[in-house]
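Give me coordinates for this.
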Amino acid sequence: MTSQEIRQSFLDFFASKGHKIVPSAPMVIKDDPTLMFTNAGMNQFKNIILGNDPIKYSRVADSQKCLRVSGKHNDLEEVGHDTYHHTMFEMLGNWSFGDYFKKEAIEWAWEYLVDVLKLDTDRLYVTVFEGYAPEGLERDDEAAAIWEQFLPKSRIINGNKKDNFWEMGDTGPCGPCSEIHIDIRDNEDRAKIDGLTLVNGSHPQVIEIWNNVFMQYNRKADGSLEGLPAKVIDTGMGFERLCMALQGVQSNYDTDVFTPIIKEIGLICHSTYGVNEQTDIAMRVIADHIRTIAFSITDGQLPSNAKAGYVIRRILRRAVRYGYTFLNQRSAFMYKLIPVLCENMGEAYPELISQKTLIEKVIKEEEESFLRTLETGIRLLDKVMDESKKEGQTEVTGKVAFTLYDTFGFPLDLTELILRENKFTVNIEDFTAEMLKQKERARHAAATETGDWITVREGDSNFVGYDYTSCETTILRYRKVKQKNQEFFQLVLSNTPFYAEMGGQVGDSGQLISEKGNIDIIDTKKENNLAVHFATKLPEDITETFTATINTEKRKATECNHTATHLLHEALRTVLGTHVEQKGSYVSPDTLRFDFSHYQKLTKEEIRLVEQLANRKIRENLILNERRDTPIAEAQALGAMALFGEKYGETVRVIQFGTSTELCGGTHVQATGEIGLVRITSETSIAAGVRRLEAITAKGVEELLDIQQDTITEARELLNNTPDLLNAIKKSVDENSELKKQLEVFMHEKIMSLRDKLIAEADFKNGIKTIHYLSDLSADAIKTLAFQIRNIVTEKLFFVAGSVYEGKPSLTVLLSDDLVAGGLSAVNIARDAAKEIQGGGGGQPFFASAGGKNAAGIQKAVEKALEAIR
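Residues are numbered from 1 along each chain as shown. Next comes the predicted model:
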């Protein structure tokens, strides 16, 4: 049986026993402060068990996505190293809330495993609770007696309170449990060692597959037990382990749950599974972890640095590290596994398919981010281990582990993993102490090491950038800075044309030029009112004289955008009112952003008018009127507004372009005509009462206009070079809409006619009105037809239709309710028949559909479906 067939067989079996089949709850829990993730099938029924929610269905079954990686159930370290532990796994379960109890639970478990799945009874063992005298609990003789109907007493094993008495917590429902174990060793090994001695012995081939919990007590606050008035059955069977037992393999990773993923890993990483143990472990880790990460993202939990998000980030980084170390993966690769995961599990969990693009994007970005820091961190740890070996030590300090965590993003368990592989340990107490110190340092996101200033010569720094784009200069002082795994130098110059980032305008970049070589200045920022220049290296001779020159193209583009913000500000106040005030801005070479106070979305007309007013000022080619060192009162008398949060001295700099007057320290064009044009690209809300305009100017507008003109030209060519493009498009849309309406009427009439014809020509097989139909209709049309027929033929109706629409085959099956009640399932019929068209499907017991790839097989698919009633 395939894994999909096994999962479905479990649900079908318990549906036949009167259980309501419910969908899996999300793996990520958002409404329970005690849990971050679903770690057992019972989590979604916790409130029912506690009596907080009413019982809607007394019998329930499902397949639940679970994650065990932190807290009490922590399987992370075993994952990949053994054959049966996982982070994310599926738990098949059935529940009874005050309905059946031990007898039915045990008998049905046996019936399913032995009669339905045909497991070898000689390989099965069970455990029962042996009792616990300190609490007056006796052996679970009731469960043992039921098991004795199926197994000899020698294979009914007593289990202690730890293994065979389940408790929800310190208080609440609890009770004995009975585990079912299976021995999947080969006959030769079984002949050597009795499987009875290996139960609960952590043997990889003698494993628990199903636990039946009998909640019959309530643990009170004082620790005493009382009987539960409504007893609960809570069972959980490891889906992956069951697949291993049924598919005749020795590892969960050899089942079809994992083999498609492992095969894809091998193709991507150019590795063969089964050749090298370390490589195999890495491939198993990645195959397991990719499922966890993908399902977490579909449940709305993205990797992050807090709580559940941090757990997911840890898992992802563990997988990346295994790929890096053992599969030689130096670039992002895990996101490439999502298509095969969707293909393998998308039918059971369609949320994977619907969010495929998001999953791939998130994983790729996370991989790339971690890979940037992984290599440096591993080299640092290798160096520490080498030094420790020389000193005869096998313990690494917690400070080293913290540096890896804080600077390189290594979770502690990742450091422990690398150290353990090299027979080292880490001082956990030291690590914890370092973490506390970090919190006391106001939770800095990354460690920054800033060296002391080294003075080359005394003097003051003078900004000449308003008047010059280059000048002679010398270095006054410098220092080395390490931040975010990068090392660079900060320089203070005697004279500088570089504008330091301030007031929303980005800093200049450029070069320091000398006879001995050039130094790139990558950014300029203000610190304590000092222009600090960022360089990737120091000059060979720091005492020489340099020519400091800025990137003029970048500066000119930035100036166009900055002046445009002034013009837009004035235009906004003219159009919307004087309540408009600047609330923030960002000016770079590529774009401008202007935040302002206003209480409603701007209309298209208002945006257009703001643009027109600003562009009118541009065409007027207004000359810059710069007033430096103007007394603040005089500046305000000129009409300049003192902006939010800005600190002004006694004198200020005033920038005027015609009637636009602003207090501003930034750089600007010499005349507004240099801007060319300004075009608003978006208008949004960023907070209550604050709007944001984004716009482009100059070359940016030119490029946008080119794109728009090309689009218009191509559209006109498509419409026979019409001179009136807009009306031609409207006419085309109207004609299309009218044709759609006519087509809908025609299709409705066709379906009604076809309905009557098919009903009249229906066959009777075994007393069932059978309608089968091949066509080229769309799946939606076939569905409409099927339900139209069902409205008339309400009993003993079997409808199957095959269609090839636009080259894609589809199959539709519809049954009347009495056939469903009699045991037929449209889902099972469609899914089985869809194999003929190389596809799969789903739906409800009375209606199901399937799509496929093989159009040539559609007739055989219909014939296959018809076999269900023969």
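
and the strand or helix carrying Gly175, what's its mean pLDDT?
Assigned by DSSP states H and E, Gly175 belongs to strand 172-183. Average pLDDT, strand 172-183: 93.

after it comes which helix or strand?
Past strand 172-183, the next helix or strand by DSSP H and E is helix 187-192.

Packing partners of that following helix?
If you count contacts as 3 or more Cβ pairs under 8 Å, 6 or more residues apart in numbering; DSSP states H and E, helix 187-192 packs onto no helix or strand. Quick note: C-beta positions are derived from backbone N, CA and C, even for glycine.

where's whichever helix or strand comes after that helix relative to the chain centroid, distance-wise?
Sequence order places strand 206-219 as the next helix or strand after helix 187-192, per DSSP H and E. Taking the mean of its C-alpha atoms, strand 206-219 sits 34 Å from the chain's own mean (Cα atoms, centre = their mean, to the nearest Å).

picking that back up, for the strand holding Gly175, output the C-alpha coordinates as PDB.
Taking C-alpha atoms only, strand 172-183 is exported to PDB below (Å, rounded to 0.1, in the frame of the first residue of the first chain):
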ATOM      1  CA  GLY A 172      -6.900  16.700  34.900                       C
ATOM      2  CA  PRO A 173      -7.900  13.600  32.900                       C
ATOM      3  CA  CYS A 174      -5.500  10.700  33.000                       C
ATOM      4  CA  GLY A 175      -5.400   6.900  32.800                       C
ATOM      5  CA  PRO A 176      -3.600   3.700  31.900                       C
ATOM      6  CA  CYS A 177      -2.600   3.100  28.300                       C
ATOM      7  CA  SER A 178      -1.900   0.100  26.200                       C
ATOM      8  CA  GLU A 179       0.800   0.300  23.500                       C
ATOM      9  CA  ILE A 180       1.000  -1.900  20.400                       C
ATOM     10  CA  HIS A 181       4.600  -2.800  19.300                       C
ATOM     11  CA  ILE A 182       5.800  -4.500  16.100                       C
ATOM     12  CA  ASP A 183       8.900  -6.500  15.400                       C
END
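
quick one, helices of the stretch 651-800 of the chain?
698-718, 725-760, 779-792 (DSSP state H, counting those that start in this stretch).

ugh, typo on my part, it should be the stretch 301-450 of the chain
Using DSSP H, counting those that start in this stretch, helices in the stretch 301-450 of the chain cover 307-326, 338-345, 351-354, 356-390, 398-408, 412-421, 428-440.

Which strands and helices lie in contact with the fourth one?
The reference is to helix 356-390. Helix 356-390 packs on helix 277-298, helix 307-326, helix 338-345, strand 395-396, helix 398-408, helix 412-421, going by 3+ Cβ pairs under 8 Å, 6+ apart.

Identify each buried residue in it, please.
Judged by neighbour count (16 or more other Cβ atoms under 10 Å), helix 356-390 contains these buried residues: 356, 359-360, 362-364, 366-367, 369-371, 373-374, 377-378, 380-381, 384-385, 388.

what do you get for stretch 621-634?
Buried, per 16+ other Cβ under 10 Å, within stretch 621-634: 622, 627, 630, 632.

Return the subset of those lying in strands.
627, 630 (DSSP state E).

export the buried residues of stretch 621-634 to TSV and tack on pLDDT and distance to Gly300?
Shown next, in TSV, are these (pLDDT from 0 to 100; distance: Cβ to Cβ, whole Å):
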residue	pLDDT	distance to Gly300
Leu622	98	52
Arg627	95	55
Thr630	93	54
Ile632	86	51
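
C-alpha coordinates for stretch 235-254, PDB please?
Extracted in PDB, the C-alpha atoms of stretch 235-254 (Å, rounded to 0.1, in the frame of the first residue of the first chain):
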ATOM      1  CA  THR A 235      -5.400   6.700  20.500                       C
ATOM      2  CA  GLY A 236      -2.400   7.700  18.500                       C
ATOM      3  CA  MET A 237      -0.600   5.700  15.800                       C
ATOM      4  CA  GLY A 238       2.600   6.900  14.200                       C
ATOM      5  CA  PHE A 239       1.800   7.100  10.500                       C
ATOM      6  CA  GLU A 240       5.300   7.000   9.200                       C
ATOM      7  CA  ARG A 241       6.100   4.000  11.400                       C
ATOM      8  CA  LEU A 242       3.000   2.200  10.200                       C
ATOM      9  CA  CYS A 243       4.100   2.800   6.600                       C
ATOM     10  CA  MET A 244       7.500   1.300   7.400                       C
ATOM     11  CA  ALA A 245       5.800  -1.900   8.800                       C
ATOM     12  CA  LEU A 246       3.500  -2.200   5.900                       C
ATOM     13  CA  GLN A 247       5.900  -1.400   3.100                       C
ATOM     14  CA  GLY A 248       8.500  -4.000   4.200                       C
ATOM     15  CA  VAL A 249      11.400  -1.600   4.900                       C
ATOM     16  CA  GLN A 250      13.600  -1.100   7.900                       C
ATOM     17  CA  SER A 251      13.400   2.600   8.200                       C
ATOM     18  CA  ASN A 252      10.800   5.300   8.000                       C
ATOM     19  CA  TYR A 253      13.000   7.100   5.500                       C
ATOM     20  CA  ASP A 254      12.700   4.100   3.200                       C
END
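
list the contacts for the closest residue to Ile712 other than its chain neighbours?
Leaving aside its sequence neighbours, Ile712 sits nearest to Leu725 (Cβ to Cβ, 6 or more residues apart in numbering; 6.7 Å). Leu725 makes contact with 712, 715-716, 719, according to Cβ atoms under 8 Å, 6 or more residues apart in numbering.

Tabulate the buried residues of stretch 621-634 (CSV), appending distance to Asn328.
Shown next, in CSV, are the buried residues of stretch 621-634 (distance: Cβ to Cβ, whole Å):
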residue, distance to Asn328
Leu622, 61
Arg627, 64
Thr630, 64
Ile632, 64
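
Good, we can wrap up now.
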